[in-house]
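>>> Let me see the structure of the following:
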Amino acid sequence: MLLTRLLIGIPMAAAFVLVLLVDTIYFAPWFPLWLLAMMVVMGLGAREISSLFQQTSARPDRELVIGGVLAVVLSNWGPHLVAELTGLDDRPGAAVEALAWPLWAFVAVVMFTFIAQSARFEHPGGTMATIAGTVLAVAYVGLLGSFLVQFRWLESPYRGLVPLAALVATAKGADMGAYFAGRVAGRHKLWPRLSPNKTVEGAVGGMVLGILSSGAVFGAARLLFNTPVLSWVEVLGFGLLVGSAAQLGDLMESMIKRDCERKDSSATLPGFGGVLDVLDSLLFAGPVAYGYWLIFGPP
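Predicted coordinates:
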C-alpha cells in the first residue's frame, strides 16, 4: 500500500508543480493548464460523488452533476479575464468579488436543475430527492472546489503561487502525518462511527506535519522572494487552522462513503482510492485558507 501510494503520489505531485510553474512562467494571467487540470479533476470528482449518492435515497442526475460542476469551475475564470481586459485586476476587494461568479453559476445550476426535473416529472415521489442530491453534489465538489481554483489569482509573489502551494502542502502534509502517525502510534479511535481506522494519535501527527509543511513553504518563499509573506505567528495559525480543516474534510468524506457503504470513492488512483479521496481534505481546507489569506496575507 505504501509503495503504491509513493509510486502514484510522487508523479501527481510532480505534475502539480509542473502545471503551476509552466502556467506562471509562460501563460500568466490566463493559466490555461490550471483550467484544464481543474476541469479534469473536478469532473472526475463530480462523477464519483454522483456514483456514491446513487447508493442513497438521494439519486442525483449524473449529467446535471457533472455539467453543473464543470460550469461552476469554468466560471471562476470569468472575473479574472474581465479584469485583465479592463485593467481592474488590482482594485481592493477583487478577491472577494471574484467569488460571486461561481456563486451565480451555482445559482443558475440550481434553477436549471428544478426546470430539468420538472420537464421529466411523471409521478409523485423521487423528484425532490433527485434535485436535493444533484444540488448537494454540485455544491460539495464545484462550490467548495472553487476556493481551490481561485487561489491562483490571490495577491502574492507570482500570482497566488505561494498561498496555493501552502494550501496543498499543509492539507496533504496533514493527510500524510495522520496516516503515518496512525500506523505507528495509533491507539485511541478518533471518530469510529465515521472512520474506524482514524485515531487521535494520527490526528495529532497530522497537525504537526501540516504545520511543518506550512512553515516549509512559507520559509522557502522568504528565501526565494526575499519578502515575508506571513509572519511566523501567522504561519503557525495557517498550519493549525488549515491542517484542522483538512482533517475535518477527510472525515466528512469518510461519512459520505460510510453512508453509501463504500470503502473508496472509486478505484481511479491505486493506493489512494478515487479522486475524491485525494480532493476531500482540500475541499474543506480551501475556504479556510482563502479566508485566512484575505485577512493576513499581503495587501
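>>> Looking at the protein, which helix is longest?
Ranked by number of residues, the top helix in the chain under DSSP state H is helix 232-259.
>>> counting contacts, what elements does that helix pack onto?
Of the remaining helices and strands, those touching helix 232-259 by 3 or more C-beta pairs under 8 Å, 6 or more residues apart in numbering; DSSP states H and E are helix 32-53, helix 161-185, strand 195-199, helix 200-225, helix 275-296. (Glycine included, C-beta is placed from N, CA and C.)
>>> switch the cut-off to 10 Å
With contacts defined as 3 or more C-beta pairs under 10 Å, 6 or more residues apart in numbering; DSSP states H and E, the packing partners of helix 232-259 are helix 32-53, helix 161-185, strand 189-191, strand 195-199, helix 200-225, helix 275-296.
>>> And the fifth one, what's buried?
Of the residues in helix 200-225, those with enough neighbours to count as buried (16 or more other C-beta atoms under 10 Å) are 200-211, 213-218, 221-222.
>>> how distant is that helix from the center of its chain?
18 Å (C-alpha atoms, centre = their mean, to the nearest Å).
>>> One more: the last one?
Average the C-alpha atoms of helix 275-296, do the same for its chain, and the two points are 6 Å apart (C-alpha atoms, centre = their mean).
>>> Next, the angle helix 161-185 makes with that helix.
Between the axes of helix 275-296 and helix 161-185, defined by axes from the mean of the first three to the mean of the last three C-alpha atoms, to 10 degrees, the angle is 130 degrees.
>>> buried sites along helix 275-296?
Under the neighbour-count rule (16+ other C-beta under 10 Å), helix 275-296 has 275-290, 292-293 buried.
>>> State the distance from Pro32 to Phe284.
27 Å (C-beta to C-beta, to the nearest Å).
>>> before we move on, what about Asp277?
14 Å.
>>> With Gln150 instead?
Counting by C-beta to C-beta, the separation of Gln150 from Phe284 is 15 Å.
>>> Okay, buried residues for stretch 39-46 please.
By neighbour count, and taking 16+ other C-beta under 10 Å as the criterion, the buried residues in stretch 39-46 are Val41, Met42, Gly43, Leu44, Gly45, Ala46.
>>> In the stretch 51-200 of the chain, what residue spans correspond to helices?
Remark: helices assigned in the stretch 51-200 of the chain by DSSP state H, counting those that start in this stretch are 62-75, 78-86, 94-97, 100-120, 127-138, 144-150, 161-185, 200-225.
>>> Relative to Phe53, which of the ones you listed is closest?
Judged by C-beta to C-beta, the one of the helices of the stretch 51-200 of the chain that comes nearest to Phe53 is helix 127-138, at 4.9 Å.
>>> list the helices and strands the closest one packs on?
In terms of contacts (3+ C-beta pairs under 10 Å, 6+ apart), helix 127-138 is packed against helix 32-53, helix 62-75, helix 100-120.
>>> Please identify which of those helices is closest to Val229.
When these are compared by C-beta to C-beta, helix 32-53 sits nearest Val229, at 20.1 Å.
>>> picking up where we left off before, determine the residues that are contacts of both of Asp277 and Phe284.
By C-beta atoms under 10 Å, 6 or more residues apart in numbering, Asp277 and Phe284 have these common neighbours: Asp250, Glu253.
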